[in-house]
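> This is the structure alone, sequence omitted:
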């Protein structure tokens, strides 16, 4: 669990991390090199779920040996499906990370929404829905591993 009181912002009590795969953790279906060790460290603090349509058919192989649960999206409305997964986890106890248009609703509703610019960029609507914008997935995961950074950025 990550529990911190941020002056002028409020309390964050996070138990879950819900993170998009393609464009966020991976590029062209391949896990980015800086992700694996950070996911391992975060798994000691949070329950991690990775959501993906598995466009490239690589997620099982790429995440093999990690301490994350993978959820393959099956509906025709991935935006609603991701938000439903967030609600089932408890939006008020979940940090969400993504970059795509279909990540907007989960970032907007999560206790903490982080948008990753990354190589694919990010959807403008998703950018506006997030509380934080970071240049890379490494930066996003490091915010959670070093919560003092969250306090520094979010305090008022």
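Sure, I can see it. Please read these numbers as outputs of a predicted model, since none were measured by experiment.
> longest helix of this protein?
helix 78-89 (DSSP state H).
> Now the helix or strand just after it: average pLDDT?
Using DSSP states H and E, the helix or strand that follows helix 78-89 towards the C-terminus is strand 94-98. Across strand 94-98, the average pLDDT comes to 98.
> show me where pLDDT drops low in the protein?
Across the chain, nothing is flagged by pLDDT under 70.
> The residue minimising distance to the centre of the chain bridge partners, please.
In the chain, the residue lying closest to the centroid (C-alpha atoms, centre = their mean) is residue 97, at 2.2 Å. When bridges are called by DSSP bridges, residue 97 pairs up with residue 19, residue 114.
> list the contacts for it?
Each residue near residue 97 by C-beta atoms under 8 Å, 6 or more residues apart in numbering is listed here: 17-20, 24, 107, 113-116, 137, 140-141. (Each C-beta comes from the backbone N, C-alpha and C, glycine too.)
> what about 10 Å?
17-20, 24-25, 50, 103, 106-107, 110, 112-116, 130, 132, 134, 137, 140-141, 143-144 (C-beta atoms under 10 Å, 6 or more residues apart in numbering).
> Residue 123 now?
23, 98, 99, 100, 101, 102, 103, 104, 115, 129.
> Which of the contacts of residue 97 fall in strands?
Counting by DSSP state E, the contacts of residue 97 place 17, 18, 19, 20, 50, 112, 113, 114, 115, 116, 132, 134 in strands.
> Quick check: the farthest pair among these?
50 and 132 (19.2 Å; C-beta to C-beta).
> ok, the two, which is more surrounded?
residue 50 (25 against 19; other C-beta atoms under 10 Å).
> what sits opposite that one in the beta ladder?
Counting by DSSP bridges, residue 50 forms beta bridges with residue 19, residue 70.
> What's the separation between it and residue 11?
Relative to residue 11, residue 50 is positioned 26 Å away (C-beta to C-beta, to the nearest Å).
> picking that back up, want to try JSON lines for the ones in strands among the contacts of residue 97, with distance to residue 87 as columns?
Listed next are the ones in strands among the contacts of residue 97 as JSON lines, based on distance: C-beta to C-beta, whole Å:
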{"residue": "17", "distance to residue 87": "15"}
{"residue": "18", "distance to residue 87": "10"}
{"residue": "19", "distance to residue 87": "16"}
{"residue": "20", "distance to residue 87": "16"}
{"residue": "50", "distance to residue 87": "17"}
{"residue": "112", "distance to residue 87": "15"}
{"residue": "113", "distance to residue 87": "14"}
{"residue": "114", "distance to residue 87": "18"}
{"residue": "115", "distance to residue 87": "20"}
{"residue": "116", "distance to residue 87": "22"}
{"residue": "132", "distance to residue 87": "21"}
{"residue": "134", "distance to residue 87": "24"}
